[in-house]
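**Q** no FASTA, just this:
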DNA sequence: GGCAAACCTTCCGGCGACTGGACAGTCGTG
DNA sequence: CACGACTGTCCAGTCGCCGGAAGGTTTGCC
């Protein structure tokens, strides 16, 4: 099958497949006489593995490691678990950050609607105005997840 | 003050300050005779505003809009709230995605440790093996937040 | 056989929000 | 006047792709 068919069956964009080949996540495909990449069911499996792992938020690097373990008959379950656990820890961190941001934003929005402060205080807070007791809800140093 | 001092006082990296100027988030600084950028307290305020807003996860584009509203005397609180609410909605979406990922990962990890399945099933799940009832926990199509 | 549509190829550039590094000029101090 | 700390510009890289250009191939239809 050609790359387009593989893309359709795997749910991975053809461009992305070429990219994965380029960065070595999947092996370079064999070429037909016309120079087109040729794929088999085996490659489809591998690509679906990649898609699912990416869908769970694993980095390409992690996926690469998981693929290696998948192809390694002498693998240890603990290695796989370690990668998964580390990933869960990262996700936890991101969730905590986002929840914290959401809390602060909701506080700001709420105080903006209430009548207990003169104007919408979001901007004042961001500007670091000392209208309150100096405790600005927006004075955060968390790293922004992008 | 020079850019280094501004960086120290604002908590924003000097490189980042130059970058902000380049993309127009902050106005181009005046230069001294030596070509160095010169800043005043006003610029420090602006930059702290930016830092706080970024800390709350606002995109640079949003921050730009917030800054414009901040400098607009005829601004409406509702405009600011709208930006903040939209941002909260985005954050909510990301949180939901991450929580969903975490759930699936934890299920996989758990079933990997338990004795009710032969081997660590994470890899089998990712490979899409039909060892179970065909419902693979990892068969997700959620977009990965990067 | 001719033509268009739908494939496929490679290469380049851009997204967001920076960060690091190279190389050069400038400033303050000993 | 040498040295280090600072500043300037410019370019490249990060991550995980995606879009488009310019070209070759295949397929299907008249």
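**A** Noted; the coordinates are in hand. The structure presented is a predicted model; accordingly, all values stated were derived computationally and were not measured. Residues are numbered from 1 along each chain as shown, chains lettered A, B, ... in the order given.
**Q** sticking with residue A:17, tell me its helix or strand.
**A** helix A:14-22 (DSSP states H and E).
**Q** equivalent analysis for residue A:106, please.
**A** Judged by DSSP H and E, residue A:106 forms part of helix A:77-113.
**Q** quick one: that helix near chain B?
**A** Yes: Helix A:77-113 lies within reach of chain B by Cβ under 8 Å from any Cβ of the partner chain, at A:77, A:80-81, A:84-85, A:87-88, A:91-92, A:94-95, A:98-99, A:101-102, A:104-106, A:108-109, A:112-113. From N, CA and C alone the C-beta is placed, and that goes for glycine too.
**Q** ok, that helix near DNA strand D or not?
**A** No: Helix A:77-113 stays clear of DNA strand D (Cβ under 7 Å from any atom of the strand), getting no nearer than 11.1 Å.
**Q** distance check, the residue nearest to the spatial centre of chain A against residue A:126.
**A** Computing the C-alpha centroid of chain A and ranking residues by Cα atoms, centre = their mean puts residue A:57 first, at 4.4 Å. Distance of residue A:57 to residue A:126, given as Cβ to Cβ, to the nearest Å: 30 Å.
**Q** repeat for residue A:110
**A** Between residue A:110 and residue A:126 the computed distance is 16 Å (Cβ to Cβ).
**Q** the two: who's more crowded?
**A** Using other Cβ atoms under 10 Å in any protein chain shown, the more surrounded residue of residue A:110 and residue A:126 is residue A:126, with 28 against 11.
**Q** which helices and strands sit right next to the one helix or strand the more buried one maps to?
**A** Using DSSP H and E, residue A:126 maps to helix A:122-127. Counting contacts by 3 or more Cβ pairs under 8 Å, 6 or more residues apart in numbering or on different chains; DSSP states H and E, helix A:122-127 is packed against helix A:77-113, helix B:41-55, helix B:60-70, helix B:77-113.
**Q** domain-wise, how is chain A divided?
**A** The record's domain parsing of chain A by automatic domain parsing lists A:3-57, A:94-127.
**Q** thought residue A:20 was touching residue A:50?
**A** Yes: Residue A:20 is in contact with residue A:50 according to Cβ atoms under 8 Å; the separation is 6.8 Å.
**Q** in the helix holding residue A:106, what's buried?
**A** Neighbour counts over helix A:77-113 (16 or more other Cβ atoms under 10 Å in any protein chain shown) mark A:80-81, A:83-84, A:87-88, A:90-91, A:94-95, A:97-98, A:101-102, A:104-105, A:108-109, A:111-112 as buried.
**Q** other SSEs contacting it?
**A** Packing partners of helix A:77-113 (3+ Cβ pairs under 8 Å, 6+ apart): helix A:60-70, helix A:122-127, helix B:77-113, helix B:122-127.
**Q** chain center to the longest one: distance?
**A** Think helix B:77-113. Relative to its parent chain, helix B:77-113 has a centroid offset of 13 Å by Cα atoms, centre = their mean, to the nearest Å.
**Q** same question, the second one
**A** Between the centre of helix A:122-127 and the centre of its host chain there is 31 Å, according to Cα atoms, centre = their mean.
**Q** ok, residues contacting it?
**A** With contact meaning Cβ atoms under 8 Å, 6 or more residues apart in numbering or on different chains, helix A:122-127 is reached by A:108-109, A:112, A:131, A:136-138, B:45, B:48-49, B:52-53, B:56, B:66, B:69-70, B:75, B:80-81, B:84.
**Q** any weak-confidence spans in chain A?
**A** For chain A, residues meeting the criterion pLDDT under 70 lie at A:114-119, A:129-146.
**Q** between the two ends of stretch A:23-37, how far is it?
**A** The first residue of stretch A:23-37 is 16 Å away from its last residue (Cα to Cα, to the nearest Å).
**Q** circling back to that earlier point, so for residue B:8, which of the domains of chain A sits nearest?
**A** domain A:94-127 (19.3 Å; Cβ to Cβ).
**Q** so does that closest one get close to DNA strand C?
**A** No: using Cβ under 7 Å from any atom of the strand, domain A:94-127 never reaches DNA strand C; the gap is at least 13.4 Å.
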